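**Student:** got a predicted structure here, sequence first:
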Protein chains: 2
Amino acid sequence: MLSERRAAILRLIVSDYVESAQPVGSENIVRRHQLEVSSATIRNEMARLEEEGFILQPHTSAGRVPSDRGYRYFVEYLMPDEDLALQEKRRILHQFYQATSEFHEWLGLAASVLARSVRNIALVTEPSEPGARVKHVQIVFLTETSALLVAVLQDVKVRERVMTLTEPVDQETLTQVASRLNDALRGADAPALVHAAHRLEGLEGQVTETLLRIVEEEDAGQHVHAHMEGVRELLAQPEFHPSEKMLSLMDVLDERRLPQALPIRELPEHGVAVVIGREHSQERMREFSLVLARYGAADGPGGCVAILGPTRMQYGRAIATVRYLSEIVTGLMERLYAS
Amino acid sequence: MLSERRAAILRLIVSDYVESAQPVGSENIVRRHQLEVSSATIRNEMARLEEEGFILQPHTSAGRVPSDRGYRYFVEYLMPDEDLALQEKRRILHQFYQATSEFHEWLGLAASVLARSVRNIALVTEPSEPGARVKHVQIVFLTETSALLVAVLQDVKVRERVMTLTEPVDQETLTQVASRLNDALRGADAPALVHAAHRLEGLEGQVTETLLRIVEEEDAGQHVHAHMEGVRELLAQPEFHPSEKMLSLMDVLDERRLPQALPIRELPEHGVAVVIGREHSQERMREFSLVLARYGAADGPGGCVAILGPTRMQYGRAIATVRYLSEIVTGLMERLYAS
DNA sequence: GGTTAGCACTCTCAGGGCGAGAGTGCTAAC
DNA sequence: GTTAGCACTCTCGCCCTGAGAGTGCTAACC
């Protein structure tokens, strides 16, 4: 434990440094906080604090900076037990009342509020539970030899998977299978599914095994998705030496509507479109170039493959790669929608 | 149209500048490409190119840099019609054979391959189709007064939504409603749903309206999600003046397993955990701090709310905000799982 | 013994000066 | 139309310097 005075000094160093991002010196500390002692005394104490590893000096003749250990001590013993002002709480809560009622979007909102509130990166993960269980199953006809398995898990999570079938079936059969499995597998977790998979045969067995794989992946936390916000806030902090151009890129990326900003509709049927710098309709994109291509069948569903970079770009290579990947994805999709 | 020689010079300027990120000068251009003419000639031509707006000078006595118009001309007329080497194509294709068979993940893979291949940001959107149609509907019992609507759209997209019901129902009823709606609404698009919503009453009407809202949102492209990769690649380019610390942050973020890296299991039931700098088990996180809290009921599903930033952080504020938001999310979740 | 004034010392940082280097445009001759 | 030559401009890296900030030590003081 630190003596009371040393602790007080450490507290001041931490809070000043957090605020200014500048190493804090003994002289400054007395001046800013009107301490009753002289800077020499502070210096003596600081020397001790440094010996014990709570603070460190970037170089001689610089002020002190808290070490990890210093921060830890601060968090553990020195930090005022802060709580948000009532007003701020109300402001935050308010935003949740206005939003949609989709839980998923609430999480995104939480991340966004958090990031803006503390000017750092905020992460909010989707909920998950160790022992995933099947709540409901549905199988949808796609083609004669493929079907979409939709599984609702106990914690209101929906997982889907395309299955390739060994023999042709119709929706009627699929619905019946789903109905039987719903009775048999309600509330089943991984071990129960293993058991059931041994017992069941044919289509039912195949579906059960797919369910098992879904549940196992869930248990392994493989698909835990996190909403991330505030990268721009963080990179704007002085320790990252932010450059003008970098921040303007971050602005473009933080824009939630980036995918919508892609001029997909204007794409030629085949081939690659290039938008360079000031040709962009959006102000923010004026420093960047975009190389993009559509994928998917001409009259069917489709999306786009794109590259975003500075106007200084290897256009030839970019175009060739975008084109090739859009072809690959188109191929994959044809296989999925089958024929 | 540019004269042949001027076009050739523009091409050299573009390709040299793309490679080096340095303004290119007349002397250098003749030396590097062993031109038959002198630098003075090049200078004359360059002066013309600048007059016509194809290139520009950052300042007197700097070399020339292509303008947006210059790049455009390059892309339109000067660019060699590049195609990827067969070997490279094979390398790319190979990765698609190894991966899972989930279309969604293929798109992520495409983005990742693209980003690494051209060292820029890659975007790949999920497929979408202008006139969304309902393919299959399922309704899952959650609580007496809430149900989960799962809709499969024509283009194999699954959308879910929690519905609050006006009167208590059981799974039996829900299944019947779903079955009737599946017959009535197969292949329905937005206008058809509007029509049906008018005709149908009670629970069926409510579900149809929810479906309508889902389809409308889909048509508006509101949920077009894009896989984004390669932010780090791009920020490492010289025009962004990348700093050491920034790149190390990007490394942490590009790590796909970031959510898994959060030590959720070790979280206390209530309260907030703080991990500072070198306390992290992961090498890469050593320069950063993490403030995190669990949300969700103690024995039910849950996730985590976290802040990631440099060790220089307003811990007090961060802790208070994380705590408050985890409480809010916990509350929302309780309402969802109801009681 | 703790505190402090005084002081010599160290190191960074911003600014100025300077020369090298790169690049330009112009002119006159080929 | 091309080019050698030249004067000119501007950046950039380097060095130097002085100011400023900060430190540790010592000796005196309470």
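**Tutor:** All right, it came through fine.

**Student:** hey, let's count contacts and neighbours off CA atoms from now on
**Tutor:** Will do.

**Student:** where do the helices of the stretch 1-150 of chain A begin and end?
**Tutor:** Remark: helices assigned in the stretch 1-150 of chain A by DSSP state H, counting those that start in this stretch are A:4-20, A:26-33, A:39-51, A:68-73, A:86-98, A:103-118.

**Student:** of all these, which one is nearest DNA strand C?
**Tutor:** Closest approach to DNA strand C among the helices of the stretch 1-150 of chain A (Cα to the nearest atom of the strand): helix A:39-51, 4.2 Å.

**Student:** what comes up buried for that closest one?
**Tutor:** Residues of helix A:39-51 classed as buried by neighbour count (16 or more other Cα atoms under 10 Å in any protein chain shown): A:39, A:42, A:45-46, A:49-50.

**Student:** with distance to DNA strand C and pLDDT added, can I get those residues in CSV?
**Tutor:** Output for the buried residues of helix A:39-51, formatted as CSV (distance: Cα to the nearest atom of the strand, whole Å; pLDDT from 0 to 100):
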residue, distance to DNA strand C, pLDDT
A:39, 7, 86
A:42, 8, 90
A:45, 8, 91
A:46, 12, 91
A:49, 14, 92
A:50, 17, 92
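
**Student:** now render those as JSON lines, adding distance to chain B.
**Tutor:** Formatted as JSON lines, these follow (distance: Cα to the nearest Cα, whole Å):
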{"residue": "A:39", "distance to chain B": "24"}
{"residue": "A:42", "distance to chain B": "22"}
{"residue": "A:45", "distance to chain B": "22"}
{"residue": "A:46", "distance to chain B": "19"}
{"residue": "A:49", "distance to chain B": "18"}
{"residue": "A:50", "distance to chain B": "17"}
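
**Student:** give me the neighbour count for the residue of the stretch 101-250 of chain A found nearest DNA strand C.
**Tutor:** Going by Cα to the nearest atom of the strand, DNA strand C is nearest to residue A:239 of the stretch 101-250 of chain A, at 12.1 Å. By the criterion of other Cα atoms under 10 Å in any protein chain shown, residue A:239 has 16 neighbours.

**Student:** contacts only, for it.
**Tutor:** With contact set as Cα atoms under 8 Å, 6 or more residues apart in numbering or on different chains, residue A:239 has these partners: A:21, B:245.

**Student:** so how far is residue A:16 from it?
**Tutor:** Distance, residue A:239 to residue A:16, using Cα to Cα, to the nearest Å: 15 Å.

**Student:** helix, strand or coil for the residue of the stretch 101-250 of chain A closest to DNA strand C?
**Tutor:** What DSSP: H, G, I helix; E, B strand; the rest coil gives for residue A:239 is helix.

**Student:** residue A:273 too?
**Tutor:** strand.

**Student:** quick one: it and residue A:293 touch, right?
**Tutor:** Yes. Using Cα atoms under 8 Å, residue A:273 is in contact with residue A:293, at 6.2 Å.

**Student:** what residues are shared contacts of those two?
**Tutor:** With Cα under 8 Å, 6+ apart as the test, residue A:273 and residue A:293 both reach residue A:267.

**Student:** and these two? which has more neighbours close in?
**Tutor:** Using other Cα under 10 Å, the more surrounded residue of residue A:273 and residue A:293 is residue A:293, with 26 against 20.

**Student:** now do stretch A:142-151, average pLDDT.
**Tutor:** Averaging pLDDT along stretch A:142-151 yields 89.

**Student:** let me redo that: stretch A:280-289
**Tutor:** Averaged across stretch A:280-289, pLDDT comes to 89.

**Student:** run the chain-centre distance for that stretch.
**Tutor:** On the basis of Cα atoms, centre = their mean, to the nearest Å, stretch A:280-289 sits 25 Å off its chain's mean C-alpha point.

**Student:** quick one: end-to-end length of that stretch, please.
**Tutor:** By Cα to Cα, the extent of stretch A:280-289 from end to end equals 8 Å.

**Student:** quick one: low-confidence parts of chain A?
**Tutor:** A:99-101, A:256, A:265, A:337-339 (pLDDT under 70).

**Student:** can you name the residues of the stretch 51-200 of chain A that neighbour DNA strand C?
**Tutor:** A:59-62 (Cα under 7 Å from any atom of the strand).

**Student:** buried ones among the residues you listed?
**Tutor:** Buried among those (16+ other Cα under 10 Å): none of them.

**Student:** restrict the residues you listed to those near chain B?
**Tutor:** Among these, no residue is within reach of chain B (Cα under 8 Å from any Cα of the partner chain).

**Student:** looking at the residues you listed, spot the one nearest residue B:122.
**Tutor:** Lowest distance from residue B:122 to these (Cα to Cα) belongs to residue A:59, with 41.4 Å.

**Student:** dump the residue contacts of the residue lying closest to residue A:107 once chain neighbours are set aside.
**Tutor:** Excluding its sequence neighbours, the residue lying closest to residue A:107 (Cα to Cα, 6 or more residues apart in numbering or on different chains) is residue A:124, at 6.3 Å. Contacts of residue A:124 were listed using Cα under 8 Å, 6+ apart, and they are A:107-108, A:110-111, A:226-228, B:303-306.

**Student:** any idea which element residue A:327 lies in?
**Tutor:** helix A:315-337 (DSSP states H and E).

**Student:** counting by contacts, list what that helix packs against.
**Tutor:** Packing partners of helix A:315-337 (3 or more Cα pairs under 8 Å, 6 or more residues apart in numbering or on different chains; DSSP states H and E): strand A:272-276, strand A:288-295, strand A:303-310, helix B:103-118.

**Student:** now do the buried residues in the helix or strand hosting residue A:175.
**Tutor:** Counting by DSSP H and E, the element that carries residue A:175 is helix A:171-185. Buried residues in helix A:171-185, counting neighbours by 16+ other Cα under 10 Å, are found at A:174-175, A:177-179, A:181-182, A:185.
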